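1. Let's see this in three dimensions:
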Amino acid sequence: MQPKPVLAADEIDFVDPLFWVRPAEEREGAFQTLRRDRPVPFMEERQVIPEIPKGPGFYSLTRHADILTASRTPEVFCSGQGTQIPDTPPAFNEFFGSMINMDDPRHGRLRRIVSRGFTKHSLGRLEVDVERRAKAVIDRVIEKGECDFVSDIAAPLPLEIICDLMGIPESQTRFVFDQTNVILGLSDPQYVPPGKSPIAAALESGSALATLMKELAALRRKTPTDDLTSALVNAEVEGDRLEDQDLASFFVLLVVAGNETTRNAISHGMKALCDFPDQRQKWQGDFEGVAPTAIEEVVRWASPVIHFRRTVTRDTELSGQKLAAGSKVVLWYCSGNRDEDVFDEPYRFDVTRNPNEHVGFGGPGPHFCLGANLARREMRVMFREILTRLPDLEITGPPERLLSAFIHGIKRMPCRFTAGGAA
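-> Residues are numbered from 1 along each chain as shown. Alright, predicted model coming up:
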């Protein structure tokens, strides 16, 4: 794929839903135009959701270097006023964003407590579960010869692992999956129930997930097990403990972010391997040797989270654009991951790309993705299963994309393979 710059800088509007239904080549062309000609453009906001007033507008950061600067200096580019473009109420931000929508010292306090469950050592104990779950995913489809790649292959593993991690009963995994689709699909009519506003739908789904976690937390306080919920409700760091609301918000964040993003990275990665057969052959020929760089390239290529917002705390400047205190800036990770000043041939999928300083897990700094190691582990095991047990899997139709400026999602994507697995 090569970018197709059909829009002039003045015509590019990331708030316009029609921009996000343009072909990928045209969207990439728009970001390329801005990186070159107007790297920090100002854009007007629209009142997309009736309950949320029209905002004052925002600046877009399209260059990799500016995204790094904003990520590394949270004292200048804060998260506590919201990480979505619209100015949603603070209670809404915390309920759905947890640590993502916090600044220090509160952010650091909460992250220190929950990070205990996401070290490489802690996640190493999940290795057997990840292997077992990934094998089961392929077992369920291998005799069919065709399926929907997203719902049947990419989606089950990350969702089931997070539910395992937290101790959610297997009978509740479908319920959790449906609620996360509503929360992250608010701009897509498919996921908002008829007659409901997007905000009401999100609050209802979030409240349902929070109730599930509060009930489990109460049980684990009385009868701890070896799951993460037990560890979190009984953890104490420097005298701090998690309140029920903090735990519920963290769970909503974990199942939404950890499920949707990994699912979409696997889906985009498989599509890329089919579109670039030489890269697929290279990875299949030496899976373990190529896997470390291949996984990073999948994340760069997919850029599952398209953007996050920050708010300027004091007057500053990026790429020649003055930014006044109080201004909103949006970090377009998808654009940073195609920056020609950083990536050689950025529109080529290269499983051996090195170095690969992508921002697919967010930029470096205090808000770098807490679940990055878990996501890498899940992708590595899932692709190993696919490439060894379904080696001739091919995508047989165009992906049906999620209508969203926030999540680079694929809703459905048909695939075909030799039933029983190719020899």
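2. what is the closest residue in space to F77 that isn't next to it in sequence paired to in the beta sheet?
-> Leaving aside its chain neighbours, F77 sits nearest to R310 (3.7 Å; criterion: CB to CB, 6 or more residues apart in numbering). All C-beta atoms are positioned from the backbone trio N, CA, C, and that covers glycine. Note on R310: beta-bridge partners by DSSP bridges are V329.
3. Report the contact partners of R310.
-> R310 is in contact with 70, 74, 77-79, 83, 328-331, counting by CB atoms under 8 Å, 6 or more residues apart in numbering.
4. go on, P53?
-> P53 is in contact with 47, 87, counting by CB under 8 Å, 6+ apart.
5. which stretches of the stretch 301-423 of the chain have low pLDDT?
-> By pLDDT under 70, the low-scoring segments of the stretch 301-423 of the chain are 423.
6. Just the helices from it, written as ranges.
-> 333-336, 372-389 (DSSP state H, counting those that start in this stretch).
7. Point out the one among these that comes closest to Q321.
-> helix 333-336 (15.2 Å; CB to CB).
8. What helices and strands are in contact with that closest one?
-> Packing partners of helix 333-336 (3 or more CB pairs under 8 Å, 6 or more residues apart in numbering; DSSP states H and E): helix 24-37, helix 64-72, strand 307-312.
9. Off-centre distance for that helix?
-> Averaging C-alpha positions (CA atoms, centre = their mean, to the nearest Å) puts helix 333-336 13 Å from its chain's average.
10. Make sure F14 is indeed in a strand.
-> No - F14: not assigned to a strand; according to DSSP: H, G, I helix; E, B strand; the rest coil it is coil.
11. how much space is there between the residue nearest to F77 and D37?
-> Separation of R310 from D37 (CB to CB, to the nearest Å) stands at 23 Å.
12. Of the helices of the stretch 301-423 of the chain, which is nearest A201?
-> helix 333-336 (25.6 Å).
13. Check what contacts the closest one and list those residues.
-> With CB under 8 Å, 6+ apart as the test, helix 333-336 has contacts from 31, 34-35, 61-64, 67-68, 303, 305-308, 342, 358-360, 362-363, 408.
14. could the contacts of R310 be laid out in TSV, adding distance to E385 and neighbour count?
-> Rendered in TSV, the data for the contacts of R310 read as follows (distance: CB to CB, whole Å; neighbours: other CB atoms under 10 Å):
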residue	distance to E385	neighbour count
A70	37	24
P74	38	18
F77	40	24
C78	41	19
S79	36	23
T83	34	23
K328	42	23
V329	40	24
V330	36	24
L331	33	26
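15. Let me know the closest of those residues to L273.
-> Distance to L273 across the contacts of R310 (CB to CB) is lowest for L331, with 27.8 Å.
16. gap between the closest one and T62?
-> Distance from L331 to T62, counting by CB to CB: 9 Å.
17. C369 too?
-> Distance from C369 to T62, by CB to CB: 21 Å.
18. swap in K282?
-> 31 Å.
19. Over to A405?
-> The separation that A405 has from T62, given CB to CB, amounts to 14 Å.
20. For F276, list the residues it contacts.
-> Contacts of F276 by CB under 8 Å, 6+ apart are 348-349.
21. for it, phi and psi?
-> Here is the backbone geometry of F276 (degrees, to the nearest 10): phi -120, psi 70.
22. Let me know the pLDDT of it.
-> pLDDT for F276: 97.
23. Quick check on K282 and T62: which one has the bigger neighbour count.
-> T62 (29 against 17; other CB atoms under 10 Å).
24. most packed of the helices of the stretch 301-423 of the chain?
-> Counting by mean count of other CB atoms under 10 Å, helix 333-336 has the highest mean neighbour count of the helices of the stretch 301-423 of the chain, with a mean of 26.
25. Skipping adjacent residues, who's closest to the most centrally placed residue in the chain in space?
-> Closest residue to the average C-alpha location of the chain: T261 at 3.3 Å, with CA atoms, centre = their mean. Leaving aside its chain neighbours, T261 sits nearest to P304 (4.0 Å; criterion: CB to CB, 6+ apart).
26. The one you found contacts H408, doesn't it?
-> Yes - under the criterion of CB atoms under 8 Å, P304 makes contact with H408 at 5.4 Å.
27. on that earlier part again, figure out which of the helices and strands packed on helix 333-336 is closest to V15.
-> strand 307-312 (11.5 Å).
28. Enumerate the positions of that closest one that are buried.
-> Neighbour counts over strand 307-312 (16 or more other CB atoms under 10 Å) mark 307-312 as buried.
29. With distance to L318 added, can I get those in TSV?
-> Formatted as TSV, those follow (distance: CB to CB, whole Å):
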residue	distance to L318
H307	15
F308	16
R309	14
R310	11
T311	14
V312	10
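30. now the helices and strands packed on helix 333-336 as a markdown table including distance to M413?
-> Shown next, in a markdown table, are the helices and strands packed on helix 333-336 (distance: least, CB to CB, whole Å):
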| stretch | distance to M413 |
| --- | --- |
| helix 24-37 | 14 |
| helix 64-72 | 28 |
| strand 307-312 | 23 |
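31. Go through those and name the closest to E131.
-> Among the helices and strands packed on helix 333-336, strand 307-312 comes nearest to E131, with 32.2 Å by CB to CB.
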